[in-house]
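Asker: okay, predicted coordinates and the sequence, questions at the end:
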Amino acid sequence: MEGLYKFFEYSGFANITPGHVIMIAVGLIFIYLAIAKEYEPLLLVPIGFGIIVGNIPFVENIGLQLGIYENGSVMNYLYFGVLKGVYPPLIFLGIGAMTDFSTLLSNPKLILLGAAAQVGIFLTFMGALALGFTPEQAASIGIIGGADGPTAIFLSSKLAPELVGAIAISAYSYMALVPVLQPPIMRLLTTKEERVIRMKPPRAVSKVEKIMFPIIGLLLTTFITPSALPLLGMLFFGNILKESGVTKRLADTAKGSLIDIVTILIGLTVGASTQATTFLRPQSILIFGLGAVSFMVATAGGVLFAKFMNLFLKGENRINPLIGNAGVSAVPDSARVSQIIGQEYDKTNHLLMHAMAPNVAGVIGSAVAAGILMSFLLRVL
């Protein structure tokens, strides 16, 4: 009987708390949204399952080495790639290998939309400071507005590792909810006349331009903010693997099996980091709220800046403000939203190719913003 009692004492049934039940329910919701609604399934299925894995109740600190926060556990070793910022640069390598910068090169002024969307990062940074977060924590929270999960993880792992779980879950949640959150903002801030603006077709971009872009882009961005080198270096390296034409095998590996493996690991471990005993705090809820504000301000910033640019542009050079939402770096979902909303008002108007320009610019912009925040705070320290 003593053995049976001890067995029960170590079981999940004896150690479950309301917090575990809540987080397991959240994990199930993530999996439901991924499968039933197809909201970023490649992210939400691993994260949702990871949330369930991380919230299986057990007796902590007795040497079983089960939890993600217990030194020596398997999950703790896998989580090392998140805490030390190893996984995000590898994901950027894959993104670079699958990204075509042609639309951005054909219409360089659209990079301004990617820059404008980063306003959400800095406004939320100031808001988080006002709410009592430290500068390092506020910067990590603000980067959620870029809708770039890897960048959010990278910055928070350097500045506020204690908030990595909440920030990563928040960033990936809003990335998945791009088709839900962005359309109302886009409709609110544009007129019917603006929504049917036709943009001139992008020009053909030469191979030389495509090869030179990652080299020049790397030099320009990293000279401005060397702190972003791990992300931008891997992004542009992946892109030159793609565009060079002589490293197809390497490019295929980077954008295929490598990024898939890292996505599995980062999703599962980020989900598991939401262990109820550590994650369920008022601070986590506040981070979710600030992340939502950051994301919505970033979306509005891109749309409004496109309208501002149109004050100086005429005829076919005008920009359809519906592509301003793509300034956040949720590639390619926010660009797809531009296309879908645009075709609601004109079925023959194709905005996807134009929206990809601010979309890929947003990837660069969020990494640059992260580097600026990191450099500034390191100088403060």
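Answerer: Sure thing, it's come through.
Asker: now do the strands in the protein.
Answerer: Shown for the chain, no strands are assigned by DSSP state E.
Asker: ok, the spatially most central residue of the chain to Phe308 distance?
Answerer: For the chain, Asp148 is the residue whose C-alpha lies nearest the centre (Cα atoms, centre = their mean; 1.8 Å). In this view, Asp148 and Phe308 are 24 Å apart by Cβ to Cβ, to the nearest Å. Every residue, glycine included, has its C-beta placed from N, CA and C.
Asker: same deal with Ile261?
Answerer: Relative to Phe308, and taking Cβ to Cβ, Ile261 is found at 42 Å.
Asker: got it, and Thr299?
Answerer: The gap separating Thr299 from Phe308 is 15 Å, by Cβ to Cβ.
Asker: more neighbours: these two, which one.
Answerer: Neighbour count, other Cβ atoms under 10 Å: between Thr299 and Phe308, Thr299 has more, with 31 against 14.
Asker: thought that one was touching Met186?
Answerer: Yes: with contact defined as Cβ atoms under 8 Å, Thr299 and Met186 form a contacting pair (7.4 Å).
Asker: quickly list what's touching both of those two.
Answerer: Common contacts of Thr299 and Met186 (Cβ atoms under 8 Å, 6 or more residues apart in numbering): 324-325.
Asker: tell me the pLDDT at Asn61?
Answerer: Model confidence at Asn61, expressed as pLDDT, equals 69.
Asker: the closest residue to Leu286 other than its chain neighbours: neighbour count?
Answerer: Using Cβ to Cβ, 6 or more residues apart in numbering and skipping the chain neighbours, the partner closest in space to Leu286 is Leu131 (6.9 Å). If you count neighbours by other Cβ under 10 Å, Leu131 ends up with 14.
Asker: so Leu131 makes contact with Ile287?
Answerer: No: contact between Leu131 and Ile287 fails when scored by Cβ under 8 Å: they sit 10.2 Å apart.
Asker: what distance do you get for Cys113 to Val360?
Answerer: Slight slip there: residue 113 is Leu, not Cys. For Leu113, the distance to Val360 - Cβ to Cβ - is 11 Å.
Asker: nope, Gly3 is what I meant
Answerer: For Gly3, the distance to Val360 equals 61 Å [Cβ to Cβ].
Asker: looking at those two, which has the bigger crowd around it?
Answerer: A count of neighbours by other Cβ under 10 Å puts Val360 above the other of Gly3 and Val360, at 28 against 7.
Asker: and the pLDDT at the more buried one?
Answerer: The pLDDT attached to Val360 in the predicted structure is 93.
Asker: over to the one 4 residues further on?
Answerer: At Ile364 the predicted local confidence, pLDDT, stands at 94.
Asker: what is the neighbour count of it?
Answerer: 23.
Asker: next one: Ala361
Answerer: When neighbours are defined as other Cβ under 10 Å, Ala361 has 27 of them.
Asker: residue contacts, the closest residue to Met374 other than its chain neighbours?
Answerer: Leaving aside its sequence neighbours, Met374 sits nearest to Ser227 (Cβ to Cβ, 6+ apart; 4.2 Å). Applying Cβ under 8 Å, 6+ apart to Ser227 gives the contacts 370-372, 374-375, 378.
Asker: ok, and the helix or strand in the chain with the lowest average confidence?
Answerer: Lowest by mean pLDDT, DSSP states H and E among the helices and strands of the chain is helix 2-10, with a mean of 79.
Asker: CA atoms only for that helix, dumped as CSV, please.
Answerer: C-alpha atoms of helix 2-10 as CSV (Å, rounded to 0.1, in the frame of the first residue of the first chain):
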residue,chain,number,x,y,z
GLU,A,2,2.9,2.3,0.8
GLY,A,3,4.2,1.7,-2.8
LEU,A,4,0.8,2.4,-4.3
TYR,A,5,0.5,5.6,-2.3
LYS,A,6,4.0,6.8,-3.4
PHE,A,7,3.1,5.9,-7.0
PHE,A,8,0.0,8.1,-6.8
GLU,A,9,1.9,10.8,-5.0
TYR,A,10,4.2,11.1,-8.1
